[in-house]
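> Would you be able to build a 3D model of this:
(one chain, ligands or ions: 2)
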Amino acid sequence: MAMLEVENLCAGYENGYVINEIEFSLHRGEFISILGPNGSGKSTLLKALQGLLTNASGEITMEGQKLLTLSPREIAKKIAYVPQIFPLSFEFDVQEIIMMGRYIHQGRFGGITREDRKIIQEVMELTKISHLKDKKIAHLSGGESQRVFIARALAQDTPVLFLDEPSSHLDISYQIEIYHILRDLQQEKGKTVLSTEHNLNLAIPYSQNIMFLKEGKIHSQGPPEKLVTKQTIREVFDAEVDIRKNLHTHKPEISLILHSANKK
Ligand code: ADP
Ligand code: MG
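Numbering: from 1, shown residues only. Ligands and ions are numbered 1, 2, ... in the order given. From the prediction side, this is the model:
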């Protein structure tokens, strides 16, 4: 049974749908990246898949249950979400933000348990933010906040992780670090990852499947080895690139063709 089965999903905001006729399945333990130009609907799709948008139609089934019959708490037990734009939480320190990931596991009278503390400790070590634990979130750099919100999602300890451009704000070493963490979670703990990413070369080696979105619709989906071609990149991004095979990962890699801007 698929972790998530999506049929004819259309969703958007008050002024109408911005994603249309989305169909795909996400299987347990799979890593899928959603790729597409700015404004193509990547963030909207991630929100719609958690039932966060009221203007939506179609069918989302999670492990055989209709998503919209589940309460937000039940959904949060299955899916942890790292948004592209972080919620305003200036008054909180790093530990408090990460603790929010544990709330859904607490019983009715529950406070923080020893198990909660252990998990919070572990995810801070994993994302290398232990030294920031008492700092206010408002006082952190973009990259540090990014790691805090990733840590919060990991603390939620769900079978599924949604990440909206997790590499934004991060320098190259943390970009690789975060993707390594995600891959370890996927391969060793069987977590399912659905992620959007603007850096194609970063997403490709980690993803079993990718989905290209264009103007709110799926342009194509499948394994990157098949999908990433000059033609596809031209159609989806309106960009001229070269594709090579990366010597280490053996996956396709996009290289830029430089030309002067006014030549186009
Ligand atoms: P992406 O993540 O691929 O850059 P988005 O999903 O953020 O794209 O946006 C897709 C489209 O939806 C854009 O045209 C954007 O302007 C519109 N949009 C995004 N958020 C809102 C909102 N809260 N209200 C109305 N329109 C929105
Ligand atoms: Mg986005």
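> where does residue 255 land in three-state SS?
strand (DSSP: H, G, I helix; E, B strand; the rest coil).
> Just the pLDDT for residue 87.
With respect to pLDDT, residue 87 scores 78.
> can you pull the contacts of it?
Neighbour list for residue 87: empty [criterion: C-beta atoms under 8 Å, 6 or more residues apart in numbering]. Where C-beta positions appear, they are placed from N, C-alpha and C, glycine not excepted.
> did I read that right, it in a strand?
No. The assignment for residue 87, made by three-state DSSP, is coil rather than a strand.
> Phi, psi for residue 189 please.
phi -110, psi 0 (degrees, to the nearest 10).
> Distance from the chain centre to the helix or strand containing residue 181, please.
Assessed by DSSP states H and E, residue 181 sits inside helix 172-189. Computed by C-alpha atoms, centre = their mean, to the nearest Å, the separation of helix 172-189 from the middle of its chain amounts to 12 Å.
> With stretch 76-95 instead?
The answer for stretch 76-95 is 13 Å, by C-alpha atoms, centre = their mean.
> Alpha carbons only: can I get that stretch in CSV?
Below are the C-alpha coordinates for stretch 76-95, written out as CSV (Å, rounded to 0.1, in the frame of the first residue of the first chain):
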residue,chain,number,x,y,z
ALA,A,76,1.2,15.5,12.4
LYS,A,77,1.9,12.0,13.7
LYS,A,78,2.5,10.8,10.2
ILE,A,79,4.0,13.9,8.5
ALA,A,80,6.6,16.3,9.8
TYR,A,81,7.0,19.5,7.7
VAL,A,82,9.8,22.0,7.3
PRO,A,83,8.2,25.0,5.7
GLN,A,84,10.0,27.3,3.3
ILE,A,85,9.1,30.3,5.3
PHE,A,86,9.5,29.7,9.0
PRO,A,87,6.6,30.6,11.3
LEU,A,88,7.3,33.7,13.4
SER,A,89,8.4,32.4,16.8
PHE,A,90,10.7,35.2,18.0
GLU,A,91,10.2,34.7,21.7
PHE,A,92,11.2,31.0,21.7
ASP,A,93,14.7,29.6,22.1
VAL,A,94,16.1,26.8,20.1
GLN,A,95,15.2,24.0,22.6
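> low-confidence ranges in the stretch 101-250 of the chain?
Along the stretch 101-250 of the chain, segments meeting pLDDT under 70 span 107-109.
> Which residue is the nearest non-sequential neighbour of residue 176?
residue 202 (7.8 Å; C-beta to C-beta, 6 or more residues apart in numbering).
> Same question for residue 132.
According to C-beta to C-beta, 6+ apart, the nearest residue to residue 132 is residue 94 (5.0 Å).
> circling back: what are the pairing partners of the helix or strand following the helix holding residue 181, and which direction each?
Using DSSP H and E, the helix or strand that follows helix 172-189 in sequence is strand 192-196. Pairing partners of strand 192-196, with direction, according to DSSP bridges: strand 31-35 (parallel), strand 160-164 (parallel).
> May I have the phi/psi pair for the closest residue to residue 235 other than its chain neighbours?
Ranked by C-beta to C-beta, 6+ apart and with sequence neighbours excluded, the top spatial neighbour of residue 235 is residue 219, at 6.6 Å. With angles defined as degrees, to the nearest 10, residue 219 sits at phi -80, psi -40.
> re the thing from before, out of the strands paired with strand 192-196, which comes closest to ligand 1?
strand 160-164 (7.2 Å; C-beta to the nearest ligand atom).
> Okay, strands next: where are they in the protein?
For the chain, strands defined by DSSP state E occupy the ranges 4-13, 16-26, 31-35, 55-62, 65-66, 79-82, 160-164, 192-196, 209-214, 217-222, 241-245, 252-256.
> got those strands as JSON lines, with distance to residue 90 and mean neighbour count columns?
As requested, these are exported to JSON lines (distance: least, C-beta to C-beta, whole Å; neighbours: other C-beta atoms under 10 Å):
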{"stretch": "strand 4-13", "distance to residue 90": "26", "mean neighbour count": "18"}
{"stretch": "strand 16-26", "distance to residue 90": "30", "mean neighbour count": "18"}
{"stretch": "strand 31-35", "distance to residue 90": "30", "mean neighbour count": "25"}
{"stretch": "strand 55-62", "distance to residue 90": "30", "mean neighbour count": "17"}
{"stretch": "strand 65-66", "distance to residue 90": "37", "mean neighbour count": "12"}
{"stretch": "strand 79-82", "distance to residue 90": "18", "mean neighbour count": "22"}
{"stretch": "strand 160-164", "distance to residue 90": "21", "mean neighbour count": "23"}
{"stretch": "strand 192-196", "distance to residue 90": "26", "mean neighbour count": "24"}
{"stretch": "strand 209-214", "distance to residue 90": "32", "mean neighbour count": "22"}
{"stretch": "strand 217-222", "distance to residue 90": "38", "mean neighbour count": "16"}
{"stretch": "strand 241-245", "distance to residue 90": "40", "mean neighbour count": "13"}
{"stretch": "strand 252-256", "distance to residue 90": "38", "mean neighbour count": "15"}
